[in-house]
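Chemist: Here is the input, now give the coordinates:
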Amino acid sequence: VDSDVAQAVNDEVKALQDQGINRIVLVSHLQGLSEDRDLVPALSGVDIVVAGGGDELLKNDGDTCLPDEDPVEAYPLLLSDADGIDVPVVTAPGGYRCIGRLDVTFDADGQITEWTGSSIGVELDGAQEEYSLENIEMPLTEALAELEATVIGTSDVDLDGQRASVRTSAANVGELLADALLAAGQSAPDFGGLAADVAVQNGGGIRNDSIIGAGEITLSDTFDIAPFSNFVVTVEVPRDVFKDMLENGVASLPDQGGTFPQIAGFTFEVDPSEDGKPIPDDGSCSDETGSRIRTVELDDGTTIVEDGEVVAGDPVVVATIDFLARGGDCYPLGDLEAVGVGASYQQALASYIADDLGGAISAEDYPEGGARSSIVAASGDTDPASTDDTTDDTTAADEAAAEAAAAEQAAADEAAAEAAAAEQAAADEAGAEATVDEPLADTGTESWIYVVAGATAAIGGVLVVNESRRTSKISVLDRISSTIRR
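Modeler: The predicted structure follows:
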């Protein structure tokens, strides 16, 4: 959170306090509790924070909200402000699935003396109004039932469209939808445009927020994934703008961002330790770019970005949705000409599954965790491990890397010490034997045996740690991995 945001909140709190108001609730809606965790310690005088936008689940034992899901924290989450006072922070998942209840007691000075909270699952009850039932609910129910009964294909892999996945990483639902845009974009010449080379779909436009289990795929599923009135367009994009577009897409990492690019027709590598494209607090779009995109390569082998630098060459024709082509989500495409192809992104998805794929979605083409964008560490290594957490898992990944480095160094030191000792022992033995005119021992061979053994132990230790990282799914950033070149 920018310090200007905290100062703006504190200034407003001071203005309210000057009017004699001493019970103050902040509605932050910062798109994720990680932002509130940064903000609250810089505030003074805010009594309660109502967060939002991150879809995190807060609940206590016995609460009825999403009983099969584990909470991020208790309800409410308590954060200490700048004066060391605990501030209750509440939020809830979207989709009208839960209602949060927070009861607080203030003293005469406006200080909270006690609080209780709970996260309550929403159940529909009460009598139905006849007119609405006959003219709204029943027709909609029948229409939805028809969509749900229309099977357009099958999948032999779970399709992950969860918000936390499509907004932070490669996800197979996102890549499926991007492939659909790319296929639809091939018809652009019929509308006076250019056939698409690649496709980009922002994670924020994918809305099912669920895992669609392997099995039948229905027309209803495509509406759940792509419900908006977004239409497929193609845009000829200069290479520098194309890189800036991707920088915009990954600017929110490691936090969730609706800008995250789900892609087709190319692969890219991103280094989150580099400077990201600025995200202004006032909602405007920055003219600056970032330096996180390290490589971009088209499926035909054409290199667009290498070592963070744009390679000169022809523009890239991008299939995307008209929302992004107009500059939505700060994608830098608003000044470029876009040509529509006469299909919504939902129609493109349904057609692609039924026709282009022949109704068969395979795990080989759409593996869990995606396969087209990769995280690279500062060292340039690509790590294909994946995970579901954010802050805690990033810390765990750092610890695992440190442990691996320590294990490697310790083993190398031990090997060196053993080699030195072996050489010294052999030298002493050789000296003793020389006094009786016997041949010298072949100490070099023995020393190398120790060195090879030590190095093998070191490498084995690193592999064990790395495998532990992979199988335990440590780092959220690494979920972006599974590069097509691994």
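
Chemist: so how far is the strand or helix carrying residue 224 off the chain centroid?
Modeler: Secondary structure from DSSP states H and E places residue 224 in helix 219-225. Computed by Cα atoms, centre = their mean, to the nearest Å, the chain-centroid distance of helix 219-225 equals 22 Å.

Chemist: Which SSE is immediately downstream of it?
Modeler: strand 231-237.

Chemist: Show me what that next one is packed against.
Modeler: Secondary-structure packing of strand 231-237 (3 or more Cβ pairs under 8 Å, 6 or more residues apart in numbering; DSSP states H and E): strand 316-321, helix 322-325, strand 338-344, helix 345-351. Yep, even glycine has a C-beta here, placed from its N, CA and C like the rest.

Chemist: about what we covered before: so what secondary structure elements neighbour the helix holding residue 224?
Modeler: Helix 219-225 sits against helix 138-149, helix 345-351, with contacts defined as 3+ Cβ pairs under 8 Å, 6+ apart.

Chemist: hmm, who's touching the last one?
Modeler: When you say that, I think you mean helix 345-351. Outside helix 345-351, the residues within contact range by Cβ atoms under 8 Å, 6 or more residues apart in numbering are 152, 176-177, 180-181, 183-184, 201, 205, 219, 222-223, 225-228, 230-232, 321, 343.

Chemist: With stretch 6-13 instead?
Modeler: Counting by Cβ under 8 Å, 6+ apart, 24, 26, 39, 42, 43, 44, 45, 46 sit against stretch 6-13.

Chemist: any idea what the nearest residue to residue 59 once chain neighbours are set aside is structurally, helix, strand or coil?
Modeler: Closest residue to residue 59 apart from its sequence neighbours, by Cβ to Cβ, 6 or more residues apart in numbering: residue 119 at 3.8 Å. Here residue 119 is strand, with the state taken from DSSP: H, G, I helix; E, B strand; the rest coil.

Chemist: likewise the one 4 residues further on?
Modeler: Going by three-state DSSP, the secondary structure assigned to residue 123 is coil.

Chemist: For the residue nearest in space to the middle of the chain, what are phi and psi?
Modeler: Per Cα atoms, centre = their mean, the C-alpha nearest to the average position across the chain is that of residue 168, at 1.1 Å. Main-chain dihedrals, residue 168, degrees, to the nearest 10: phi -130, psi -10.

Chemist: just the one 10 residues further on next, same as before
Modeler: According to degrees, to the nearest 10, the main-chain angles of residue 178 amount to phi -60, psi -40.

Chemist: What residues are bridge-paired with the residue lying closest to it once chain neighbours are set aside?
Modeler: Distances taken as Cβ to Cβ, 6+ apart place residue 264 nearest to residue 178, at 3.7 Å, with adjacent residues excluded. Taking DSSP bridges, one obtains residue 199 as the residues bridged to residue 264.

Chemist: Residue 264 contacts residue 185, correct?
Modeler: No - counting by Cβ atoms under 8 Å, residue 264 does not reach residue 185; the two are 9.4 Å apart.

Chemist: Which pLDDT does the model give the closest residue to the residue nearest to the centre of the chain other than its chain neighbours?
Modeler: Once flanking residues are discounted, residue 168 sits nearest to residue 256: 5.5 Å by Cβ to Cβ, 6+ apart. pLDDT recorded at residue 256 is 91.

Chemist: quick one, helices of the stretch 1-150 of the chain?
Modeler: 3-18, 33-39, 130-132, 138-149 (DSSP state H, counting those that start in this stretch).

Chemist: Leaving out chain neighbours, which residue sits closest to residue 154?
Modeler: Using Cβ to Cβ, 6+ apart, the closest residue to residue 154 is residue 216 (5.6 Å).

Chemist: Tell me the spacing between the one you found and residue 159.
Modeler: 12 Å (Cβ to Cβ, to the nearest Å).

Chemist: and these two? which has more neighbours close in?
Modeler: residue 159 (23 against 14; other Cβ atoms under 10 Å).

Chemist: Stretch 133-144: how far from the chain's middle?
Modeler: 37 Å.

Chemist: Could you list the buried residues of it?
Modeler: Within stretch 133-144, no residue is scored as buried using 16 or more other Cβ atoms under 10 Å.

Chemist: Give me the contacts around that stretch.
Modeler: By Cβ under 8 Å, 6+ apart, the surrounding residues in contact with stretch 133-144 are 128, 220.

Chemist: Report the backbone C-alpha coordinates of that stretch in PDB.
Modeler: Coordinates of each C-alpha in stretch 133-144 appear next as PDB, following Å, rounded to 0.1, in the frame of the first residue of the first chain:
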ATOM      1  CA  LEU A 133     -41.900 -17.100  -9.800                       C
ATOM      2  CA  GLU A 134     -43.900 -17.500 -13.100                       C
ATOM      3  CA  ASN A 135     -42.400 -14.700 -15.100                       C
ATOM      4  CA  ILE A 136     -38.700 -14.600 -14.000                       C
ATOM      5  CA  GLU A 137     -37.600 -17.600 -12.000                       C
ATOM      6  CA  MET A 138     -39.300 -20.400 -13.900                       C
ATOM      7  CA  PRO A 139     -38.300 -19.200 -17.400                       C
ATOM      8  CA  LEU A 140     -34.700 -18.700 -16.200                       C
ATOM      9  CA  THR A 141     -34.700 -22.100 -14.600                       C
ATOM     10  CA  GLU A 142     -35.900 -23.700 -17.800                       C
ATOM     11  CA  ALA A 143     -33.300 -21.800 -19.900                       C
ATOM     12  CA  LEU A 144     -30.500 -22.700 -17.500                       C
END
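
Chemist: pLDDT averaged over it - what is it?
Modeler: 93.

Chemist: Then stretch 153-169?
Modeler: The model assigns stretch 153-169 a mean pLDDT of 96.

Chemist: what ranges of the protein fall below the confidence cut-off?
Modeler: Counting by pLDDT under 70, the ranges of the chain that qualify are 1-3, 124-126, 377-486.

Chemist: Make sure residue 185 is actually in contact with residue 195.
Modeler: Yes - using Cβ under 8 Å, residue 185 is in contact with residue 195, at 6.5 Å.

Chemist: Tell me how many other residues crowd the closest residue to residue 161 other than its chain neighbours.
Modeler: Using Cβ to Cβ, 6+ apart and skipping the chain neighbours, the partner closest in space to residue 161 is residue 173 (3.8 Å). By other Cβ under 10 Å, the residues close to residue 173 number 28.

Chemist: quick one: contacts for the closest residue to residue 314 other than its chain neighbours?
Modeler: In space, and not counting its chain neighbours, residue 314 is closest to residue 239: 7.9 Å by Cβ to Cβ, 6+ apart. By Cβ under 8 Å, 6+ apart, the contact set of residue 239 is 304, 305, 310, 311, 312, 313, 314, 315, 316.

Chemist: So which bits of stretch 94-106 are buried?
Modeler: For stretch 94-106, by 16+ other Cβ under 10 Å, it's 98, 100, 102, 104.

Chemist: Verify the contact between the third one and residue 115 for me.
Modeler: So that's residue 102. Yes - applying Cβ under 8 Å, one finds residue 102 in contact with residue 115, separated by 6.7 Å.

Chemist: Any idea how many residues pack against residue 189?
Modeler: So residue 189, with other Cβ under 10 Å, has 12 neighbours.

Chemist: what number of residues lie near the nearest residue to residue 150 once chain neighbours are set aside?
Modeler: Here the nearest residue to residue 150 in space, its sequence neighbours aside, is residue 219; by Cβ to Cβ, 6+ apart that works out to 4.1 Å. Number of residues near residue 219 (other Cβ under 10 Å) recorded here: 19.
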